[in-house]
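A.B. asks: Okay, structure incoming, though there's no sequence with it:
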Ligand SMILES: C[S@@+](CC[C@H](N)C(=O)[O-])C[C@H]1O[C@@H](n2cnc3c(N)ncnc32)[C@H](O)[C@@H]1O
């Protein structure tokens, strides 16, 4: 078993990467379960177009964070010899980091062109940090006096020293709970609705989410400088849920409970379905705000805008009506954020690594593209994003 687990780690970061976060890092069984949260090596190619649509929509709120910081603390922008620290939490492979980082840098340099900028990209230790450094360095290559580094650490802990970060940023990451609190419905994620959050298992998801989000918020509060700004975007659900969220719930229920389950049945592994599912949650906006409000002597929610974001793949399908392409692109995108979880989950249940890879390839490269291509009618046209700006008092 341990050998199998070690090979996951090696496959994930060792063999294909020139950069190794830490040669000291030897994953335990628990680490391996959580390491399956990291994104696939193909994440930049298959997911960044999708991510960048929502990033583009929320950039104005991000720019407002820098301007607000300046209004609150104009002297900070005169201290050009103290590097302006931008920390990104959950950078994955970096392609989706470039737009927001450019936005922050441009806003800072409009105010103070001579400001030295230090960017620290955070993700879990087993993330493909080499890919992140390379994508971000390339994306920011036109700027001078920018220093890019990585911090491989679980962000539910404190990652940076007290009072050291000027602008903290995180996109589509804070909704990932470290571990499933209980066996869940046959859905790829926990998607909240007014009924399921009152069920016994739904309450456990809400509690696990609150614990997770509280540790995220309380640690960022420590790391930020006074008046420093935290900007977070996450997927949320509405109460009552919107028509496209009903579609999304059905779509991902069928992906897990029909498409994947059928394949696992073929290998007599249908009972392992639970451990292959994601630990991401789409909660209500109030779940996020209520936890922030607990810290209202130390932080303040400045804005909390919700946006309906057009799904990149669906929009393309509407133009082309090419269901085969649609199935292939959506399956590649889903693979980008699910493949490691699915394989890691099977291995942690005792399935050998080779079989886990075979199942994963068959699922993502063959079965899922076809399945999705036949389900454009229940694929959500939009998704809902909360853009949350929080400032340290
Ligand atoms: C869905 S991806 C989002 C990536 C990117 N920010 C984007 O917008 O496309 C989530 C990322 O968060 C990271 N992540 C999840 N939980 C984490 C944690 N507790 N600490 C650090 N990184 C975490 C994962 O490894 C993954 O790279």
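C.D. replies: Thanks, I have it. Quick caveat, the model's predicted, so the values are computed rather than measured. Numbering: from 1, shown residues only.

A.B. asks: just so I have it, where are all the helices in the stretch 51-200 of the chain?
C.D. replies: Applying DSSP state H, counting those that start in this stretch to the stretch 51-200 of the chain gives helices spanning 98-111, 129-139, 200-223.

A.B. asks: actually the stretch 251-393 of the chain, not the one I wrote
C.D. replies: Using DSSP H, counting those that start in this stretch, the helices found in the stretch 251-393 of the chain span residues 261-266, 285-294, 312-320, 323-348, 353-361, 368-373.

A.B. asks: May I see those helices arranged in TSV, with mean pLDDT, distance to the ligand and mean neighbour count as well?
C.D. replies: Where C-beta positions appear, they are placed from N, C-alpha and C, glycine not excepted. As requested, these are exported to TSV (pLDDT from 0 to 100; distance: least, C-beta to the nearest ligand atom, whole Å; neighbours: other C-beta atoms under 10 Å):
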stretch	mean pLDDT	distance to the ligand	mean neighbour count
helix 261-266	98	23	15
helix 285-294	98	16	17
helix 312-320	96	12	15
helix 323-348	95	5	22
helix 353-361	97	18	17
helix 368-373	98	18	21
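
A.B. asks: The ones you listed into JSON lines, with extra columns for distance to residue 51?
C.D. replies: Formatted as JSON lines, these follow (distance: least, C-beta to C-beta, whole Å):
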{"stretch": "helix 261-266", "distance to residue 51": "27"}
{"stretch": "helix 285-294", "distance to residue 51": "19"}
{"stretch": "helix 312-320", "distance to residue 51": "9"}
{"stretch": "helix 323-348", "distance to residue 51": "10"}
{"stretch": "helix 353-361", "distance to residue 51": "22"}
{"stretch": "helix 368-373", "distance to residue 51": "19"}
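
A.B. asks: For residue 340, see how far away residue 71 is.
C.D. replies: Shown here: residue 71 relative to residue 340, a distance of 42 Å by C-beta to C-beta, to the nearest Å.

A.B. asks: er, residue 93 actually
C.D. replies: In this view, residue 93 and residue 340 are 12 Å apart by C-beta to C-beta.

A.B. asks: and what of residue 351?
C.D. replies: From residue 351 across to residue 340, the span is 14 Å (C-beta to C-beta).

A.B. asks: what's the answer for residue 247, then?
C.D. replies: As for residue 247, its distance to residue 340 is 26 Å (criterion: C-beta to C-beta).

A.B. asks: returning to what we had before: hey, what's in contact with both of residue 93 and residue 340?
C.D. replies: In terms of C-beta atoms under 8 Å, 6 or more residues apart in numbering, residue 93 and residue 340 are both contacted by the residues residue 39.

A.B. asks: where does the chain have low pLDDT?
C.D. replies: Low-confidence segments of the chain (pLDDT under 70): 1-37.

A.B. asks: so what's the residue nearest the centre of it up against?
C.D. replies: In the chain, the centroid-proximal residue (C-alpha atoms, centre = their mean) is residue 173; its distance is 2.8 Å. By C-beta under 8 Å, 6+ apart, the contact list for residue 173 reads 89-90, 155, 234.

A.B. asks: Which pair of those spans the longest distance?
C.D. replies: 155 and 234 (13.3 Å; C-beta to C-beta).

A.B. asks: Next to the ligand, which bits of this protein? Give me the list.
C.D. replies: Proximity of the chain to the ligand (C-beta under 6 Å from any ligand atom) is limited to residues 37-39, 47, 51, 90-92, 96, 122-124, 127, 154-156, 171-173, 176, 178, 337.

A.B. asks: could you redo the last one with a cut-off of 8 Å?
C.D. replies: Residues of the chain found near the ligand (C-beta under 8 Å from any ligand atom) are 34, 37-39, 43, 47-48, 51, 55, 88-93, 95-97, 122-124, 127, 153-156, 170-173, 176, 178, 212, 233, 280, 337.

A.B. asks: Return a ChimeraX selection command for the buried portion of the residues you listed.
C.D. replies: Buried members of the residues of the chain next to the ligand, defined by 16 or more other C-beta atoms under 10 Å, are picked up in ChimeraX with:
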select :34,37,38,39,43,47,48,51,55,88,89,90,91,92,93,95,96,97,122,123,124,127,153,155,156,170,171,172,173,176,178,212,233,280,337
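
A.B. asks: could you list every residue that touches the closest residue to residue 364 other than its chain neighbours?
C.D. replies: For residue 364, ignoring the flanking residues on the chain, the nearest one in space by C-beta to C-beta, 6 or more residues apart in numbering is residue 335 at 4.0 Å. Neighbour list for residue 335: 40, 42, 46, 364-365, 368 [criterion: C-beta under 8 Å, 6+ apart].

A.B. asks: what do you get for residue 176?
C.D. replies: Here residue 176 is in contact with 37, 90, 278-281 (C-beta under 8 Å, 6+ apart).

A.B. asks: do residue 78 as well
C.D. replies: By C-beta under 8 Å, 6+ apart, the neighbours of residue 78 are residue 112.

A.B. asks: what do you get for residue 201?
C.D. replies: Residue 201 touches 182-185, counting by C-beta under 8 Å, 6+ apart.

A.B. asks: swap in residue 207?
C.D. replies: Contacts of residue 207 by C-beta under 8 Å, 6+ apart are residue 181.

A.B. asks: Distance check, it against residue 55.
C.D. replies: To residue 55, residue 207 is 30 Å away according to C-beta to C-beta.

A.B. asks: quick one, phi/psi of the residue nearest to residue 272 when sequence neighbours are not counted?
C.D. replies: Using C-beta to C-beta, 6+ apart and skipping residues adjacent in sequence, the residue nearest residue 272 is residue 349, 4.8 Å away. Torsion angles at residue 349 (phi, psi; degrees, to the nearest 10) stand at phi -90, psi 10.

A.B. asks: What count of nearby residues applies to residue 349?
C.D. replies: When neighbours are defined as other C-beta atoms under 10 Å, residue 349 has 14 of them.

A.B. asks: from memory it sits against residue 270, does it?
C.D. replies: No - using C-beta atoms under 8 Å as the test, residue 349 is too far from residue 270 to be in contact (11.9 Å).
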